[in-house]
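J.: When you get a sec, could you give me coordinates for this:
(2 chains)
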Amino acid sequence: MHLLVTLILQRIGLGVVTLFGISLMIFFAMEILPGDLAQETLGQSATPEAVAALRAELGLDQPAITRFFQWFSGILHGDLGTSLANKRDISELLVSRFKNTLALASYSAVIAVPVAVTLGLLAALYRGSIFDRTVNVLSLSAVSLPEFFIAYLLIFFLSAKFGLFPSISNVSADTSFSEYMHRAFLPALTMALVVTAHMMRMTRAAIINLLASPYIAMARLKGASPMRIILIHALPNALAPIINVVSLNLAYLITGVVLVEIVFVYPGLGQLIVDSVSKRDIPVVQATCLVFATVYITLNLTADVLSIATNPRLMHRK
Amino acid sequence: MSSNFTDNWNRRRLLKAGASISFGAAASGLILPTMAAASTPTTGGRFRYAVVGAAISDSLDPAIYADIAPGIMGWQSRNNLVEIDAENRVVPELAETVVAMDGGKKWVLKLRKGVEFHNGKTFKSEDVIYTLGRHIGEKSTSAVKPFFESVTDMTADDDYTVVITLEAPNADFPYYLADYHLQIVPAGTTDFSDGMGTGAYVMDSFEPGIRCTGTRNPNYWKAGHGNFDEVECLAISDSTARVNALMTGEADAIMFVDTKVVDRLSNMNGMQVIEAESGTHMTLPMNVTAAPYDNNDVRLALKHAINREQLVETILRGHGTVANDHPIASTSPYFNDQLEQRQYDPEKAKFHLKKAGVDTLEVTLSSSDTILGYGNDVAVLVKESAAAADIGVTVQQEPADGYWSNVWQKKPWVQSYYLTRPTPDSIFSLAYRGGAAWNETFWGNDRFDTLLEQGRAEVDETLRKEIYSEMQTIVSNEGGSVIPFFASVLDAASDKVGTGKVSGLSNLDGGRAAERWWFSV
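T.: You can find the predicted model right below:
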């Protein structure tokens, strides 16, 4: 247990360093983009004086490094700052959008994870059969199509042709749960289709890998049923890689939604970041990236901890 | 995809700044005509319509609207002093009359009596003074501040009379008052998020970049308007998502339909395309201070070397009209119909080249799809048609992001576009006057600049038309831009939606669809 605590603390420390690095990179990447918020707001007709005045008002006339550390010290005080474009509190902007993105990610995870793991197990169990091949071909096809294309296919069939689900998912805070499930179904399904293949293939591979081990042969010799061998003997040892791939895909569900959100007009973080980049609203982009990065790091950490916790050999390594 | 798109619409907003007014004859000292009543509007229903250009950074403060999209949301619950009707005339809204004195130097506004804001406050001159005052002065961050720089004094004679004095006569002043940045708010408002106004719908909710909803104002003062029980303005910037929303019944009307899909939409059951001729046009500006474009014969050669008819047929799929190398559309009362339409004529182009002393011309045209979505296609067709005149055009496709800062006004021959501008004066002052910030060709003509000053101060309509006609001729024959066509404004709606004659000023009936339209079944 002691080992686990040290590991977690270590990882959190590293995570913070990574976050700092990421925010530096984002900040200076935005600096490289042509134009700033003052120019974007005032447009082509902006006189040099007007641009200078607006820059001074927004503090954009300060050197980049000063602005970065001003922003950074705000973060250390738990203050994400205010949007340059509309002077609104960024944490306020982020919270509702992040909730929406998180809700969509959970929705797709609830669809994708059980389906992927079950299909993976079954594919391993019936390895080489027609079932195995069909599942492989279908899931690989799904992952090979770009997600916006999947989205349009789903809209075409489930929305335009049969009218089962709405084509836009512009949910709001007062959308009821059942209406949410209905409205957000197509984007959730799109995301689920994109991530299922990866998880399914990894589960299958991990199980098949184990099936060649001597202890499985032993189990088979003593007469255990194939289902029992896979669930009781193989699965616990395959959990570590499965958890890893699941967490990786969960992170993708949160950070990779930009296109899907645009296609379905879903008010999440993806739309926010697109809006903010085009307006050169650096504090909002920074804050959003920070959220994305934190999600990635946290999920990776969780995955590592869980894989160690489920593997006694790693727990008692000396 | 998105950055391209947003860039496009950001610029659109800039072009629209102060442009929500239209061509018109009714400018000088006059009693305004009344708005024609829509045929037979019926009331009821929840009208959901999708707009382009709304962003999470939007606010409902009219002075800082960054695009017409939040302006459209604002118009659900607010009015202006005047509006522009489908015939491009200035018609009264909260001001019953706008009268010019001193040859257009002083303007007297008589306000409508008995109008209340949604919170019960009576509309008076103090509200007008407060609203307009926010666009004037050093500290104003208003997008239309330049239009009000000439205001030297603004006083309330009584509760229902406002007198505005200008630095110099300006016959176009009433048009400015119709701009979406000039929606009237109650005096003293500092928090604009409740959308308080005198408009057709009381605002229920506003989620920036997502939606704005409203319920019918039972006390609405304008007859035949505000016909829906409820309205919901949805922000959908992706054009495919917008069409999907309309086709699947998630929206009753959508703003801005791509010419590529418009014919397919109009052939679908239960759909209608709402089209209005407009002054929106593409320009191909050359830098006239640099060779070879400093030679007017080279410019004329290029003007003869493009096939306008073909561009209208292929690019706009017929939803537009050919232009004559000047920015005034035939919908304008000031359009010069005596000026001969320039034709595609490779021989004439060759003639001008010879006159310029060049046998063959090699030029580079910088293009981008940030220009109305089809800049690159236009450039390819220009290359083809110019080849027949022995002009070699190299098409240089430029990235959409940063187009306006790195390409426009920087490279020698580029693409640009303008949405409908209110009056000849506004587009000429903006982009053709010598030394103007948006003069994208760096062209200057003394006669033209003199006429511009004269036209602005001229209250006699016949003389005004003569002045603007001559200016169009000068720009067409000597100007630095090839102007191929005017594109129509295209929206779509379900066929349940009823409209009167639609304004071509901007999409969605000049942005007023929620107030003007109705459900016919």
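J.: Quick check: phi and psi on B:Val489?
T.: The phi and psi values for B:Val489, taken as degrees, to the nearest 10, are phi -80, psi 130.
J.: Where does pLDDT dip in chain A?
T.: Where chain A drops to pLDDT under 70, the residues are A:1, A:34-35, A:39-50, A:85-86, A:315-318.
J.: again, only using 50
T.: A:44-45 (pLDDT under 50).
J.: likewise the stretch 1-150 of chain B?
T.: Using pLDDT under 50, the stretch 1-150 of chain B drops low at B:1-38.
J.: what about the strands in the stretch 101-250 of chain B?
T.: B:106-111, B:151-158, B:161-166, B:201-207, B:211-216, B:230-235 (DSSP state E, counting those that start in this stretch).
J.: what's the second one packed up against?
T.: Helices and strands touching strand B:151-158, by 3 or more Cβ pairs under 8 Å, 6 or more residues apart in numbering or on different chains; DSSP states H and E, are helix B:125-133, strand B:161-166. Placement of C-beta: from N, CA and C, glycine included.
J.: mind putting the strands of the stretch 101-250 of chain B in a markdown table, mean neighbour count included?
T.: Shown next, in a markdown table, are the strands of the stretch 101-250 of chain B (neighbours: other Cβ atoms under 10 Å in any protein chain shown):
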| stretch | mean neighbour count |
| --- | --- |
| strand B:106-111 | 20 |
| strand B:151-158 | 14 |
| strand B:161-166 | 18 |
| strand B:201-207 | 20 |
| strand B:211-216 | 22 |
| strand B:230-235 | 24 |
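J.: need the ones you listed in CSV with distance to A:Pro241, can you?
T.: Converted to CSV, the strands of the stretch 101-250 of chain B look like this (distance: least, Cβ to Cβ, whole Å):
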stretch, distance to A:Pro241
strand B:106-111, 74
strand B:151-158, 72
strand B:161-166, 75
strand B:201-207, 42
strand B:211-216, 44
strand B:230-235, 42
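J.: These: which one's closest to A:Leu140?
T.: strand B:230-235 (36.3 Å; Cβ to Cβ).
J.: Is the residue positioned nearest the centre of chain B in a helix, a strand, or coil?
T.: The residue lying closest to the centre of chain B (Cα atoms, centre = their mean) is B:Thr420, at 3.4 Å. Per DSSP: H, G, I helix; E, B strand; the rest coil, the secondary structure class of B:Thr420 is coil.
J.: Would you agree it is in contact with B:Ser278?
T.: Yes: shown here, B:Thr420 and B:Ser278 form a contact pair, counting by Cβ atoms under 8 Å, at 4.8 Å.
J.: can you list residues touching both of those two?
T.: B:329, B:489, B:504-506 (Cβ atoms under 8 Å, 6 or more residues apart in numbering or on different chains).
J.: measure B:Pro327 to B:Glu275 for me?
T.: According to Cβ to Cβ, to the nearest Å, B:Pro327 stands 21 Å off from B:Glu275.
J.: Which residue of the two possesses the greater neighbour count?
T.: B:Pro327 (25 against 18; other Cβ atoms under 10 Å in any protein chain shown).
J.: so does the helix or strand where A:Met202 lies get close to chain B?
T.: If you go by DSSP states H and E, A:Met202 is part of helix A:185-211. No: interface with chain B: helix A:185-211 contributes nothing (Cβ under 8 Å from any Cβ of the partner chain), its closest point being 10.4 Å away.
J.: Buried residues, that helix. List them.
T.: A:185-208, A:210-211 (16 or more other Cβ atoms under 10 Å in any protein chain shown).
J.: need the contact list for the closest residue in space to B:Met271 that isn't next to it in sequence.
T.: The shortest distance from B:Met271 to any non-neighbouring residue, by Cβ to Cβ, 6 or more residues apart in numbering or on different chains, is to B:Leu265 (5.3 Å). By Cβ under 8 Å, 6+ apart, B:Leu265 lies in contact with B:243, B:246, B:257, B:271, B:273, B:492.
J.: Please repeat the previous calculation with a cut-off of 10 Å.
T.: Shown in contact with B:Leu265 (Cβ atoms under 10 Å, 6 or more residues apart in numbering or on different chains): B:243, B:246-247, B:254, B:257-258, B:271-273, B:490, B:492-493.
J.: B:Ala156 too?
T.: Here B:Ala156 is in contact with B:109, B:111, B:124-129, B:162-163 (Cβ under 10 Å, 6+ apart).
J.: if we can go back for a sec, next one: the residue nearest to the centre of chain B relative to chain A, how far apart?
T.: B:Thr420 sits 17 Å away from chain A, going by Cβ to the nearest Cβ, to the nearest Å.
J.: Name the SS class of the spatially closest residue to that residue that is not a sequence neighbour, please.
T.: Spatially, and ignoring its direct neighbours in sequence, B:Thr420 is nearest to B:Gly279 (3.8 Å; Cβ to Cβ, 6+ apart). With three-state DSSP as the basis, B:Gly279 sits in coil.
J.: burial measure for B:Gly279, as a count.
T.: Residues near B:Gly279, counting by other Cβ under 10 Å, number 28.
J.: I'd like the contacts of B:Ala156 laid out as TSV, including distance to A:Ile282.
T.: Listed next are these as TSV, based on distance: Cβ to Cβ, whole Å:
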residue	distance to A:Ile282
B:Leu109	43
B:Leu111	44
B:Lys124	43
B:Ser125	42
B:Glu126	40
B:Asp127	37
B:Val128	38
B:Ile129	37
B:Val162	42
B:Val163	45
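J.: and the two most separated of these?
T.: Applying Cβ to Cβ across these, the maximum distance is between B:Asp127 and B:Val163, 15.4 Å.
J.: which ones are touching the residue of the stretch 101-250 of chain A found nearest chain B?
T.: Shortest the stretch 101-250 of chain A-to-chain B distance, computed as Cβ to the nearest Cβ: residue-wise this is A:Ser167, at 4.1 Å. A:Ser167 makes contact with A:151-152, A:154-156, A:158-160, A:186, A:263-265, B:240-241, B:243-251 under the criterion Cβ under 10 Å, 6+ apart.
J.: From these, which land in helices?
T.: Using DSSP state H, the subset of the contacts of A:Ser167 located in helices is A:151-152, A:154, A:186, A:263-264, B:240-241, B:243-247.
J.: for whichever strand or helix holds B:Ala100, which positions count as buried?
T.: Using DSSP H and E, B:Ala100 maps to strand B:95-101. Burial within strand B:95-101, assessed by neighbour count using 16+ other Cβ under 10 Å, is assigned to B:95-96, B:98-100.
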